[in-house]
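1. Here's my sequence, what's the structure:
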Amino acid sequence: MYEAEKLKFRLEGLKSMVMNMSDEGPEWGENKQILIEAHDKSSFGLDINGLRESVYDMNLYYSKGPDYGNADIYVNTIKAGTINGYSPYILPSGKVSLPELKTLTGSVEIRFVVTGKDPLSKEYFIGLDGISMEPKRVFIPDWFILGPYQNPRKIGSVRRGLDSVYLPEKIIDLQKDYLGATGKPIRWRHVQTPENGCLSLTDKISPNELVVAYAFTQIYSPGNFKTTLFIGSDDGCKVFLNGTELYRYQGERIAEPDQAEIELSLKPGWNKLLLKIENNYGAFAFYARLLDTGNKLIISANQNTQSESNQ
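-> Residues are numbered from 1 along each chain as shown. Modelled structure (predicted):
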């Protein structure tokens, strides 16, 4: 979310001011907006740079009021929508949406062209609250999962399950029986990630409280390649790439997309990605996706890894 008052607009001779909207209600981001003192046929612009993803859903939030005007909005020279700014009262009720916005150059150019105003409006002002850029997330499609393993705790001490080294951290054998928390054999189970990206373990691992479980997949890279892994977990989590621990989070949280970013240095060929997910009580789930703007990588859990060391 980009707060409008923090962005650098190309005003082209127009004046602007940051307004405190606290007296108008709590709906404005950080209780502020930027007011562009536009006039008929005027225009102004904005560039959003540093975008890492290739496709976003963009939403632009604007205000309405008794002295606000109308404007067409162009994104990368394509008309995305229209602001109709008049209201007898100041309201944070306007939104222009542009789904599937491609940003192959890492930036977006937004241009506002004032087209007039409602006859009842006193001026042509444009009030802007913010711009959200939500990436089109493509989640890792499939995994092998294994669990449960014990997550023991002692009175007055932290949980030890996340840092207890179980056999999957040493050897990954998709055909092997492992000994789980219940003392009975457990095996890797192949699962598909739902479209929303939330892979629930609550209905797949039993028992599912005060336990840890593993999720395993593979990434094929045509050469040495750096990428970013975005994960979210409920609760704690560790990330291993080719047997090396890269990330550790020991806390309690509800899983959401992109709670953490981990840089991965992939080697040529198949790379082994292993997650260790801890649960305390309640929901047990995770999200995971890779940043791959050039579609260079292949992700598949089904590659042959029988009897491979994870080191």
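
2. For residue 234, give me its contacts.
-> Contacts for residue 234 (CB atoms under 8 Å, 6 or more residues apart in numbering) come out as 253-255, 277, 279, 282-286. In short, each C-beta sits where N, CA and C put it, glycine included.

3. Kindly provide the distance from the residue nearest to it when sequence neighbours are not counted to residue 285.
-> For residue 234, ignoring the flanking residues on the chain, the nearest one in space by CB to CB, 6 or more residues apart in numbering is residue 255 at 3.8 Å. Counting by CB to CB, to the nearest Å, the gap between residue 255 and residue 285 amounts to 5 Å.

4. Between the two, which contacts overlap?
-> By CB under 8 Å, 6+ apart, the residues touching both residue 255 and residue 285 are 198, 233-234.

5. Low-confidence ranges, the stretch 151-300 of the chain, go.
-> 153-159, 293-294 (pLDDT under 70).

6. any chance you could map the helices in it?
-> When assigned using DSSP state H, counting those that start in this stretch, the stretch 151-300 of the chain turns out to have no helices.

7. thinking again about what came up before, for ChimeraX, write the selection for the buried entries among the contacts of residue 234.
-> To isolate the buried ones among the contacts of residue 234 in ChimeraX, judged by 16 or more other CB atoms under 10 Å, type:
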select :255,277,279,284,285,286
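
8. got TSV for the contacts of residue 234, with distance to residue 171 too?
-> Supplementary listing: the contacts of residue 234 in TSV, determined by distance: CB to CB, whole Å:
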residue	distance to residue 171
253	30
254	32
255	28
277	19
279	23
282	31
283	30
284	24
285	26
286	22
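
9. which non-adjacent residue is nearest the one residue sitting closest to the centre of the chain?
-> If you average the C-alpha coordinates of the chain and look for the closest C-alpha using CA atoms, centre = their mean, you land on residue 258, 4.0 Å from that point. Excluding the flanking residues, the one nearest residue 258 by CB to CB, 6+ apart is residue 230, at 4.4 Å.

10. so how many other residues sit close to the one you found?
-> Other residues near residue 230 come to 20 when the count uses other CB atoms under 10 Å.

11. got a list of what it touches?
-> The contact partners of residue 230, by CB under 8 Å, 6+ apart, come to 137, 257-258, 260-261, 287-291.

12. try 6 Å
-> Residues in contact with residue 230, defined by CB atoms under 6 Å, 6 or more residues apart in numbering, are 258, 261, 289.

13. Can you spell out which residues form a bridge with the second one?
-> Beta-bridge pairing for residue 261 (DSSP bridges): residue 230.
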